[in-house]
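J.: sequence plus the predicted model coming up.
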Amino acid sequence: MANKIVNNKPIDPNAKDIQIATKLIALIGGVIILASVAIATISLVVFDRNQVKATKEQLMHSADGAMRVMEDWLVTLKGYAATTANRGDVFDAIKNSDYETLQEIVEYYTDELDYAFMAFTDSNGNVIVGGKDGPNPGENLGSLYSVKQATLGKIGYAFETLCSTYCSIYAYPIKDGNLTVGTVLFAYNLADGDFVKLMTVAYNTECTIFSGDMRIDSSIDGVTGTRLSNSEITDTVLNRAQNYIGDSTINGQKYFSVYAPLSNDNGKITGMLFIAKSMEEIEAIKYTTLKIVVPISVVLAIVLMFISYLFVRWLMWRIANVTKQLKEMATGEADLTKRVTLRVLDEIGALVINFNAFCDKLQTIIGETKRSKDELSSSGENMKASTQDTASAINEIIENIDNISQQITTQSGSVQQTAGAVDEISANIESLNQMIENQSSGVTQASAAVEQMIGNITSVNNSVEKMASSFEELESNANMGFKMQNDVNERIQQIETQSEMLQDANTAISSIAEQTNLLAMNAAIEAAHAGEAGKGFAVVADEIRKLSETSSSQSKTIGEQLTKIKASIGEVVAASNESSRSFGVVSQKIQETDQLVMQIKAAMEEQNQGSQQITSALKTMNDSTQEVRAASVEMANGNKMILEEVQSLQSATLEMKESMSEMSNGARKINDTGAALGAISAQVQDAIGKIGSQIDLFKV
C-alpha cells in the first residue's frame, strides 16, 4: 500500500486515520452512558434499602401500636372489674347470696359496656352468675391464672382460653376486709375478628393472633387454625420473650414480619401478635420506581450526548481555523501578515493567542533578517577593503613591538628596587598587628564581665517584678477574702434570724398538734355516742389522734434540733468575726511588704540602666578595636599581595620580553594570512546573496 503524502512528506502507513472529534464523542458518550447506568443503579439500590428500612420502621410502629391497643383494652377491663368489685351492692349480694341482684348488674353492664364475657365467682372460682355469652353458673374457673390470682386476693390479668376462645381477661377480688368472698372478671374475645380488623384498617398491614403457636384469628385467608412451623420464631418469641423481626413465608407468600409476645402479669408467654407486610407490595413499589428512573436516565443520556456532539463539533471548527491558517502559510506565498480570529477566551483561545503571537514574532524576525541581509552585503564589501588596510597596519605593529621590547628591559630594573621597599613595610605591619591583638583581648574580657553583671541584675529585677506581681495578686485575694467573709457574716446573721422564725413556727405546730389531739378525742367521744353508725367516724378520729401525737413528737424533736442549730450558728458567728479581723491584719502587712518590694525594684532598674551604659561604651570600644584589627589584617594581606604582585611583575616582565619576539614572528604570519582573508571575503558575499534570495520569499 502506497504511503500518504502530506506537505511533500510521506506518512507512516500504520498511522490510524481517526479524527479527534470521533474519539471525543465516543469517550463522552461512553462516560454519559456509564454515568446514567451508575446513577440509575445507585438510585434503585438506595431506594430499595430505604424502602426496606421504612417498611421495618412502619411494622415496628404498627406492632407498638397494636400492643398499646391491647394494653388499652386491658386497662378498660381493669376499670370495669375494679368498679364492679368495689360496689357496695355487689359485696352485699355475694355475701347474702343475692344472685338476682348480680344478674341485674350483669344485664345492665351487657347493655351499657363493651366487652365479650363477664362473670361473678365465689371464693373457690365457681361461677355464680355469668353473662349472656359468658361462663355458665356452676362452672369452675379456678384453673384460669387470672381467676386464681383473684381468689388469692390479688389483681390478675392474662391472655387465656375462656369459653373455648382466646381472650384477654382481667379478674378482681371482692373482699370483706382481708377475706376474699368472690371475684369478678371481664374479658375481650381476641378471636372474633374485631382486633385483627382494627389493626388491618388502622395500619394497612396483615395481622394474626396466636394462642401459643396456633393461629386463632388472621387477616390472611386460609391460615386460621394452622400452627406456626418456624422453630426459630417460636423459640425467640414464646421461649425467650423477645420480638422477632424478619422475613417469613405463609402459604407460599413472603412477608416482612414482626412477632411480639403476649404475656400474663407474671411474665408467662401464652400467645403472639403477628404484624406483617407482603413482599409483593414492596417489590411492586420498586418496579414502579424502576419504570420511572430508567426512561428518565435514557432520555437524559440522549440529551447530554447531543449537547456533547454540538460542543465537540464547535471545538473542532475552532481548531480547523488554526489548521487552515498553518496550511496556507506552509503552501502559499508564506504571508506572515495573516492572523487567526480570536472568538472565545479558553484553552483554544490561548492557542490562537499564542499562534498569533508566534506569527508576530516570526514576522519581526524575518523582517529583521531582511534588513540584516542588506547590511551584511555592504559589510562584505567593507570587509574586503578592511583586509587590505589590516595588512599595512600589521607592518606598523611589527615596528612598535620592537620599541616595546627595549622599554621592557628598562622596566625590569625598576621592579627590583620596588620589591626591597615592600619587604620592609611588611615587617612593620606585623609588629602593629600584634599590639592590636593584645588590646582586643583586654576589651573583650571587660565586656564579658559587664555583660555577666547585667545578666545578674536582670535576673534579680525579674524576680522582684514577679514578687511585686505576686504581692499585688495576694493583696487582691486578701481584699476579696475580706469582702467574702463579710458576706458570710451577713448570711449567718440571716440564718440566725430565720432559725428563730423556725422556732416560732415549731411552737405554732406544737400548739396545733395539741388542739388536733383534743379535737380527735372529742370526735372519738361523739363516735362512741353514735354507736354502730359512728364506727367509721371513730376510725377517722383515731387516725387524726395518731397523726396529732406524731406531729407533737416530731415538733419536740425539731425544737431540740433548732436549739442545737442556733448554738452552732452562734459559734460560727464568733469564728467568722475572728477570721474577719485576721484578714484585715494580713491585708495591712501585705501592703507594707509590697511598698518595700517596689523600692527594691526602682533601685535595681537604676543599677540596670548604669550597667547598660557601661556595656554600650565597652561595645563601642570593642567595635573600634575590631575595625582597627581588621584594617591591620587587611594591610598585612595587602602588603603580601603587593609583594606577590611585584614578584609576578618581575616574572611577567621576562615573559613579556620573550613574548614580544614571538609577537613579532606572529605579526609576520598574520601579514601572510591577509591575502587568504581577501579570498574568504569574496565567498562571504556569495553566501549573503543566496540567503537573501530565500528570505525574500516571505511577505512581511
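T.: Thanks, I have it.

J.: backbone torsions only: list them for residue 143.
T.: Note on residue 143: backbone dihedrals following degrees, to the nearest 10 are phi -80, psi -20.

J.: ok, it - how many residues close by?
T.: Residues lying near residue 143 (other Cβ atoms under 10 Å) number 9. From N, CA and C alone the C-beta is placed, and that goes for glycine too.

J.: quick one: the strands in the stretch 201-350 of the chain?
T.: Assigned by DSSP state E, counting those that start in this stretch, the stretch 201-350 of the chain shows strands spanning 206-211, 214-218, 244-250, 253-263, 269-278.

J.: typo on my end, the chain
T.: All strands of the chain, identified by DSSP state E, fall at 4-6, 9-11, 117-122, 127-130, 156-162, 165-176, 179-189, 206-211, 214-218, 244-250, 253-263, 269-278.

J.: ok, and what's touching the fourth one?
T.: What that stands for is strand 127-130. 94, 99, 102-103, 106, 117-122, 135-141, 182 (Cβ atoms under 8 Å, 6 or more residues apart in numbering).

J.: tell me the mean pLDDT over it?
T.: Averaging pLDDT along strand 127-130 gives 92.

J.: the second one now?
T.: Strand 9-11 shows a mean pLDDT of 53 in the predicted model.

J.: check the last one too.
T.: Averaging the model's pLDDT scores along strand 269-278 yields 92.

J.: going forward, count from 32.
T.: Sure, I'll start numbering at 32, so the last one becomes strand 300-309.

J.: how about the strands of the chain in TSV, adding mean neighbour count and distance to residue 556?
T.: Listed next are the strands of the chain as TSV, based on neighbours: other Cβ atoms under 10 Å; distance: least, Cβ to Cβ, whole Å:
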stretch	mean neighbour count	distance to residue 556
strand 35-37	10	136
strand 40-42	10	135
strand 148-153	24	41
strand 158-161	21	43
strand 187-193	23	44
strand 196-207	23	29
strand 210-220	24	31
strand 237-242	24	62
strand 245-249	20	64
strand 275-281	16	68
strand 284-294	21	54
strand 300-309	23	57
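
J.: right, and those strands - which one's nearest residue 572?
T.: Closest of the strands of the chain to residue 572 is strand 196-207, at 23.5 Å (criterion: Cβ to Cβ).

J.: tilt between the closest one and strand 148-153?
T.: Interaxial angle, strand 196-207 versus strand 148-153 (axes from the mean of the first three to the mean of the last three Cα atoms, to 10 degrees): 40 degrees.

J.: report all helices and strands that strand 196-207 contacts.
T.: helix 51-116, helix 119-126, helix 176-182, strand 187-193, strand 210-220, strand 245-249 (3 or more Cβ pairs under 8 Å, 6 or more residues apart in numbering; DSSP states H and E).

J.: wait, which of the ones you listed is closest to residue 268?
T.: Among the helices and strands packed on strand 196-207, helix 51-116 comes nearest to residue 268, with 11.6 Å by Cβ to Cβ.

J.: re the thing from before, mind putting the strands of the stretch 232-381 of the chain in CSV, distance to residue 397 included?
T.: As requested, the strands of the stretch 232-381 of the chain are exported to CSV (distance: least, Cβ to Cβ, whole Å):
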stretch, distance to residue 397
strand 237-242, 91
strand 245-249, 99
strand 275-281, 84
strand 284-294, 83
strand 300-309, 85
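
J.: and residue 586, how far is that from residue 224?
T.: Applying Cβ to Cβ, to the nearest Å, the value for residue 586 to residue 224 is 65 Å.

J.: between the two, which has more neighbouring residues?
T.: Neighbours per residue (other Cβ under 10 Å) separate residue 586 from residue 224, with residue 586 holding more: 20 against 15.

J.: can you tell me which of the strands of the chain comes nearest to residue 343?
T.: Ranking the strands of the chain by proximity to residue 343 (Cβ to Cβ) places strand 35-37 first, at 23.6 Å.

J.: give me the pLDDT for the closest residue to residue 122 other than its chain neighbours.
T.: Leaving aside its chain neighbours, residue 122 sits nearest to residue 205 (6.1 Å; criterion: Cβ to Cβ, 6 or more residues apart in numbering). What the model reports as pLDDT for residue 205 is 94.

J.: residue 205 contacts residue 125, doesn't it?
T.: Yes - here residue 205 reaches residue 125: they are 5.9 Å apart, a contact under Cβ atoms under 8 Å.

J.: overlap in contacts of these two?
T.: With Cβ under 8 Å, 6+ apart as the test, residue 205 and residue 125 both reach 212, 213.

J.: gap between residue 97 and residue 291?
T.: When distance is defined by Cβ to Cβ, residue 97 is 7 Å away from residue 291.

J.: okay, and the common contacts of the two?
T.: 304, 306.

J.: give me the neighbour count for residue 506.
T.: Residue neighbour count, defined by other Cβ under 10 Å, stands at 18 for residue 506.

J.: I'd say it and residue 622 touch.
T.: Yes - with contacts counted by Cβ under 8 Å, residue 506 reaches residue 622, the gap being 6.3 Å.

J.: mind listing the helices for this structure?
T.: For the chain, the helices defined by DSSP state H occupy 51-116, 119-126, 130-143, 176-182, 225-234, 262-265, 310-362, 378-561, 566-726.

J.: for the shortest one, buried residues please.
T.: Within helix 262-265, the residues that qualify as buried are 264, 265, counting by 16 or more other Cβ atoms under 10 Å.

J.: ok, and what's touching it?
T.: With contacts defined as Cβ under 8 Å, 6+ apart, helix 262-265 is touched by 244, 259, 275, 279, 290.

J.: please name the nearest non-neighbouring residue to the fourth one.
T.: By that I understand residue 279. residue 288 (4.6 Å).

J.: look at that neighbour and report its pLDDT.
T.: For residue 288, the pLDDT comes out at 91.

J.: same deal with residue 70?
T.: pLDDT, residue 70: 75.

J.: what number of residues are in the vicinity of it?
T.: 15.

J.: might you report the residue contacts of it?
T.: By Cβ under 8 Å, 6+ apart, the contact list for residue 70 reads residue 328.

J.: can you tell me how far it sits from residue 198?
T.: Separation of residue 70 from residue 198 (Cβ to Cβ) stands at 55 Å.
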